[in-house]
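**Q** Here is a sequence with its predicted model. Questions after.
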Amino acid sequence: MRTSSQLIGLLNFLTFLASIPILGGGIWLSSRANNTDCLKFLQWPLIIIGIAIMVVSLAGIAGSCYGNTFLMYLYLWAMFVIIATLIGFVIFAYAVTDKGTGRPVSNKVYQEYYLQDYSGWLEERVTSQSYWPKISSCIRDSHVCGKLRKDFGGIPESADMFSMRKLSPIESGCCKPPTGCGYVYQNETVWIMGSGMVGTDLDCGRWNNDQETLCYNCDSCKAGVLGSLKKSWRRVSVINIVILIILVIVYVVACAAFRHDKRMDNDEPYGETRMEKVQPTRIHF
């Protein structure tokens, strides 16, 4: 086996290994879709790309080991399409999560999330009537707010202790009323109306101490889901960018090695002699 063929086989093995983090990222998003983020279409592109890289890498390994030119052509063209698709997915992930972030709250560690800070395709999809009922139901069924409650010897944590907690975007947006509403803390998911006027935010009227209602229909809850999705997508995108750089480098080296093999098979010389073969002179002696 030629050294270049061995190199191509090794590179294909590296791309096979590189597919594992991508597939793992898709599976991680899938687990969050079932338990936390509750949006169940984001993980499939990554899972499909990860599986595709695995299959194509195996074809490349077989092609390099057995000298099968068809499999090598298939590997190079398929990997080009996969790299282009992964680039598109990374750009898409950053484009739809470029807006919106948590706002700091005075004397609180946690942040609060506002729907008006978000816009674009992802915001429209999350807030649409066809998706939000399913998302809110998923959040309710995941008992994320119930898991928020803590007690010490049967005594709920105090308001001061709660204000020092670092809540997730969904915990902050769905499990408590907005701070501006002026509700008084009783425990993590029970708040009563204070002596002053309730804030003008529409979410103030949507809050309900019923544990099946809470703020699941609030705009702050929708914003919390968007904030959670942004964090999840950005984490996975960082991994994808690193893997993408590795795939591009491997692909370029594999193309060069494959071209070298073709030249060897065609017995093409190099340097000046090769140039004379490609463009022979018309004057012969």
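**A** Alright, I've got the coordinates. Numbering: from 1, shown residues only.
**Q** how near is W191 to D151?
**A** Distance, W191 to D151, using Cβ to Cβ, to the nearest Å: 17 Å. Bear in mind the C-beta positions are built from the backbone N, C-alpha and C, glycine included.
**Q** So between those two, which is more surrounded?
**A** Set side by side, W191 and D151 show more neighbours around W191, with 21 against 10, by other Cβ atoms under 10 Å.
**Q** Tell me where the stretch 151-285 of the chain is predicted with low confidence.
**A** 196-199, 261, 264-285 (pLDDT under 70).
**Q** For it, which segments are assigned as strands?
**A** Assigned by DSSP state E, counting those that start in this stretch, the stretch 151-285 of the chain shows strands spanning 151-152, 155-156, 184-187, 190-192.
**Q** now those strands as a markdown table including distance to S172?
**A** As requested, the strands of the stretch 151-285 of the chain are exported to a markdown table (distance: least, Cβ to Cβ, whole Å):
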| stretch | distance to S172 |
| --- | --- |
| strand 151-152 | 20 |
| strand 155-156 | 18 |
| strand 184-187 | 14 |
| strand 190-192 | 13 |
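**Q** Ok, which of the ones you listed comes nearest M164?
**A** M164 lies closest, by Cβ to Cβ, to one member of the strands of the stretch 151-285 of the chain: strand 184-187, at 12.5 Å.
**Q** contacts for the closest one?
**A** Residues from elsewhere that reach strand 184-187 (Cβ atoms under 8 Å, 6 or more residues apart in numbering): R149, P156, E157, A159, F162, W191, I192, M193, G194.
**Q** Now for the fourth one, how many residues are close by?
**A** In other words, A159. Neighbours of A159 using other Cβ under 10 Å come to 13.
**Q** The nearest residue to it once chain neighbours are set aside bridge partners, please.
**A** Spatial nearest neighbour of A159, chain neighbours left out: Y185 (4.0 Å); criterion: Cβ to Cβ, 6 or more residues apart in numbering. Assessed by DSSP bridges, Y185 has beta-bridge partners W191.
**Q** C204 versus Y185, what's the distance?
**A** Distance from Y185 to C204, counting by Cβ to Cβ: 15 Å.
**Q** rewinding a little: quick one: which of the contacts of strand 184-187 is nearest S237?
**A** Comparing the contacts of strand 184-187 against S237 with Cβ to Cβ places F162 closest, at 32.4 Å.
**Q** what residues are up against that closest one?
**A** By Cβ under 8 Å, 6+ apart, F162 lies in contact with Y185, E188.
**Q** From I48, how far off is it?
**A** F162 is 42 Å from I48, by Cβ to Cβ.
**Q** Test my guess that K99 contacts S119.
**A** Yes: using Cβ atoms under 8 Å, K99 is in contact with S119, at 5.7 Å.
**Q** list residues touching both of these two?
**A** By Cβ under 8 Å, 6+ apart, K99 and S119 have no common neighbours.
**Q** Of all residues in the protein, which one is nearest the centre?
**A** What sits nearest the mean C-alpha location of the chain, by Cα atoms, centre = their mean, is W233, with 3.0 Å.
**Q** so that one sits right up against A93, yeah?
**A** Yes: counting by Cβ under 8 Å, W233 does reach A93; the two are 4.8 Å apart.
**Q** burial count for K99?
**A** 14.
**Q** Confirm that it sits in a strand.
**A** No: counting by DSSP: H, G, I helix; E, B strand; the rest coil, K99 is not found in a strand; it is coil.
**Q** ok, it to Y114 distance?
**A** 12 Å.
**Q** Without its sequence neighbours, what residue ends up closest to D203?
**A** C218 (4.1 Å).
**Q** Equivalent analysis for L247, please.
**A** Going by Cβ to Cβ, 6+ apart, L247 has I83 as its nearest residue, at 5.5 Å.
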